[in-house]
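**Q** generate coordinates for the sequence data below:
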Amino acid sequence: MFARTSTPLLLASTALSLVPAVHSFYSYANDFVDPKFILAKNFSNTTVVAQQTILQWADEVAAKGPWAVTNKTITPPSGDKHDYMSWAPYWWPDCSKAGNTTELTPEQIWTTCTYVSRDGQFNPDVRTSGMNNIGDFSDMSDAVFYNALAWAINGSSKYSANVAQFVDAWFINPDTAMNPNLNYAQMQRGPTGQIGTHTGVLDLKCMAKIVPSILILREGKAPEWTSDLDTKFVNWTNSYLPWLETNKIAVEEEDSLNNHGSFYYNQLASLQILVGDTDGAKNTIQKYFNGIYQGQIAKNGDQPEESVRTHPYHYRAYNLAAMLTNARIGAYIGFDGWNLTTKAGGTIKDALDFAITKPPTTTEEDPAELYSIVNVIGSVYGDSDGSYAKWLLAHAGNSYPADASFLWNQPFSDSGIVAANLTQAGSNSSSNGSTSNGSSSANNNSQNSAAFLGVDFAMSMYFMCAVAMVLSFF
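**A** Modelled structure (predicted):
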């Protein structure tokens with residue numbers, strides 16, 4: 001299961017098999033995990049609970065699939081259900097001039113009422129189950145991401161088979177495959193017609209999660225990820241990239257100065273990596289850091305484009321996730337963006353340091369939106385004084401080493417939480433015999449440690465999920 005079989009790792013393996021379920025699945029805004037790090041499996045013993053979280057989340061989200069762009073109940077204006085479709089989230093109907101004498105049906109509202117923008121006020125019908133594609137794509141990308149990680153952790157073919165099935169259904173199978181465009185993403189409804197907007201490009205930002213997942217299976221030679229599947233997915237991507245780079249909708253998104261632009265570069269660069277265009281990906285990341293990034297962070301670390309929004313805490317965290325993902329992609333292909341300064345003199349680290357000083361401003365924001373980001377910054381820049389670990393301990397409690405992202409955001413302190421319990425487990429096990437024989441004392445201590453982490457983690461993440469699953473798409 002693990003790359004080496006030292007006593008500490010045997011203890012970790014024992015604890016991993018005993019951790020109870022962590023029920024609060026969470027979808028990170030975005031990430032790009034280094035496939036080489038995952039495949040090397042040189043995981044710290046302190047990540048044992050994070051590994052179990054990944055396995056549990058992989059099973060949980062996979063149970064919802066498979067997904068297909070054709071499953072929606074509403075047909076796009078093109079008349080082709082293979083076209084991706086979603087609605088703009090902050091636009092609301094004003095039916096005062098519709099001229100109706102009876103109550104309008106939803107379809108009549110969508111086509112006869114004028115729609116007006118209310119920034120930060122989420123129209124709930126945008127995410128009505130099954131009507132459009134945005135929720136399904138989000139679930140599919142998370143399922144691919146966590147199942148690829150789960151395969152790397154324990155080698156079970158069920159996880160790699162899940163990835164193959166989900167990618168095939170969404171991108172490859174001719175009966176269900178998505179057409180390679182976003183012409184009808186985040187449409188603005190109303191009597192003038194329903195057309196896609198540049199903000200809809202954001203809907204596929206999590207291609208940055210899918211790409212390293214495929215690289216893990218490709219480079220790890222998972223039998224279920226066949227050369228035929230790989231070739232067909234690359235072909236789909238090569239058909240989509242020209243749209244993403246030249247279509248008017250996409251170009252407008254690229255020019256966005258806020259998180260929308262940042263996430264655009266996440267998507268483009270990661271897909272260029274998938275098709276083997278490393279030079280193109282490097283140029284894309286350089287263009288981001290030389291371009292819109294230059295105006296995104298003030299000298300004091302504030303993000304002016306995000307602070308003016310109705311949910312500034314959320315949007316600072318949201319754009320931080322996009323900036324971090326661009327830096328991760330850059331690091332993967334040999335470009336260092338971590339220490340680049342903006343024209344005002346700010347860095348990504350400064351942006352995080354500022355963000356953690358500002359409390360949430362509404363009940364729709366939660367400190368948990370920054371948990372994994374604090375972990376990232378601490379692992380990249382170092383945490384010599386322990387301030388980031390202390391912040392996580394103060395806000396997330398003893399649960400933060402149970403977060404899935406704790407696995408790949410290393411090195412980072414677990415504040416002694418996991419290590420202490422593993423040490424105790426080993427001590428008890430040694431007093432009763434070999435650490436590899438699964439003694440009841442070791443098992444009980446490992447299980448108690450995991451329960452202590454897992455339950456606390458579930459409680460602290462529950463509210464975070466409810467809010468972020470709405471906010472994180474826009």
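**Q** quick one: the closest residue to residue 183 other than its chain neighbours from residue 99, how far?
**A** Nearest residue to residue 183, sequence neighbours excluded (CB to CB, 6 or more residues apart in numbering): residue 196, at 5.0 Å. For glycine as for every other residue, the C-beta is placed from the backbone atoms N, C-alpha and C. Plainly put, residue 196 is 27 Å away from residue 99 if you go by CB to CB, to the nearest Å.
**Q** show me which of these two is the more surrounded one.
**A** Taking neighbours as other CB atoms under 10 Å, residue 196 and residue 99 compare with residue 196 leading, 26 against 7.
**Q** which residues touch that one?
**A** By CB atoms under 8 Å, 6 or more residues apart in numbering, the residues touching residue 196 are 182-187, 249.
**Q** now swap in residue 272 and tell me
**A** Per CB under 8 Å, 6+ apart, neighbours of residue 272: 241, 278, 280-281, 284.
**Q** out of these, grab the one that's most surrounded.
**A** residue 284 leads the contacts of residue 272 on contacts (other CB under 10 Å) with 27 neighbours.
**Q** past the helix or strand that contains residue 265, which element shows up next along the chain?
**A** Element membership for residue 265 (DSSP states H and E) is helix 259-274. Next helix or strand after helix 259-274 toward the C-terminus (DSSP H and E): helix 278-290.
**Q** would you mind getting the angle between that next one and helix 259-274?
**A** 160 degrees (axes from the mean of the first three to the mean of the last three CA atoms, to 10 degrees).
**Q** buried set for whichever helix or strand comes after helix 278-290?
**A** With elements assigned by DSSP H and E, the helix or strand that comes after helix 278-290 is helix 304-307. For helix 304-307, a neighbour-count test (16 or more other CB atoms under 10 Å) marks 305-306 as buried.
**Q** for the helix or strand that helix 304-307 is followed by, name the packing helices and strands.
**A** Toward the C-terminus, helix 304-307 is succeeded by helix 312-332 as the next helix or strand (DSSP H and E). Judged by 3 or more CB pairs under 8 Å, 6 or more residues apart in numbering; DSSP states H and E, the packing partners of helix 312-332 are helix 259-274, helix 278-290, helix 304-307, helix 348-355, helix 371-381, helix 440-471.
**Q** ranking those by mean pLDDT, which is last?
**A** Among those, helix 440-471 carries the lowest mean pLDDT, a mean of 42.
**Q** low-confidence ranges, this structure, go.
**A** 1-23, 100-101, 126-130, 193, 420-474 (pLDDT under 70).
**Q** let's go with 80 and repeat that
**A** 1-23, 89-91, 96-102, 106-112, 114, 119-131, 189-194, 419-474 (pLDDT under 80).
**Q** which SS class is residue 93?
**A** strand (DSSP: H, G, I helix; E, B strand; the rest coil).
**Q** before we move on, the earlier item: now the angle between helix 312-332 and the helix holding residue 265, please.
**A** Going by the same axes, to 10 degrees, helix 259-274 makes 20 degrees with helix 312-332.
**Q** sort out which residues of helix 259-274 are buried, please.
**A** 259-274.
**Q** which among these gets closest to residue 299?
**A** Comparing these against residue 299 with CB to CB places residue 262 closest, at 19.2 Å.
**Q** isn't residue 304 right up against residue 298?
**A** Yes - the pair residue 304 and residue 298 passes the contact test of CB atoms under 8 Å, sitting 6.0 Å apart.
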